[in-house]
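A.B. asks: The sequence and its predicted three-dimensional model are supplied below.
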Amino acid sequence: MTAANRLLEDGATHESLSLRAVAREVGIAATSVYLHFPDKMSLLLAVYERHFVELINHIDQAVAQQTDPVARLRATAAAYCAFADDHPDVYRVMFMVPSVPDLPREISDDQLPGAAIIESVHEIIKDCIEAGRMPRTDPYAATLCLWAALHGIITLRAARPYVPWPPLDTLIDTLLVGSIGAT
């Protein structure tokens, strides 16, 4: 799994990654990899799951002390961005390596890496709406819009470092108030 992650960090795509390439990276026989991962999808899911557990733990620690729903939402957004800043290669593997367009097999909802984070933010946004701290809207759509906006902030700051970006906290606060109306 570590070798697969390293190959993805170094620019491999889902298409170019293979169990044989992982075996070469580690210096073992290809058949040895098959003892742990029956197919490439199982290997990729293991890589993503490990990273998403790290991200979830990071977010959970940031949110643990917050009781106000907007403060929880802000802490979640800040922790997500901080994780991306602290682990740029991991973030790239999680969100910027092109996905598999035609999955070789069905993946159940509970196997989808990141589903727990989406559900957690969805619940926080529902809490914000129910508390009257956000306008009534589709909380799932708001969750995906928030994710897209945070991803945009993260990737643009990395890709365009010469832009005089305001501090990350300012960008997050502006996003939460201006875009999704959290007050």
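C.D. replies: Okay, I see it. Numbers count the residues shown, from 1 in each chain.

A.B. asks: Tell me, how many residues neighbour the nearest residue to residue 72 once chain neighbours are set aside?
C.D. replies: By the measure of CB to CB, 6 or more residues apart in numbering, the closest residue to residue 72 outside its immediate chain neighbours is residue 66, 4.4 Å from it. Backbone N, C-alpha and C define where each C-beta goes, glycine included. Residues lying near residue 66 (other CB atoms under 10 Å) number 15.

A.B. asks: Now do residue 66 against residue 79, distance only.
C.D. replies: Separation of residue 66 from residue 79 (CB to CB, to the nearest Å): 11 Å.

A.B. asks: Please apply the same query to residue 113.
C.D. replies: 17 Å.

A.B. asks: Residue 169: neighbour count?
C.D. replies: Neighbour tally, residue 169, other CB under 10 Å: 12.

A.B. asks: Torsion angles phi and psi at the residue sitting furthest away from the middle of the chain?
C.D. replies: Most distant residue from the mean C-alpha position of the chain: residue 29, 32.1 Å away (CA atoms, centre = their mean). The phi/psi pair for residue 29 (degrees, to the nearest 10) reads phi -70, psi 140.

A.B. asks: Good, wrapping up.
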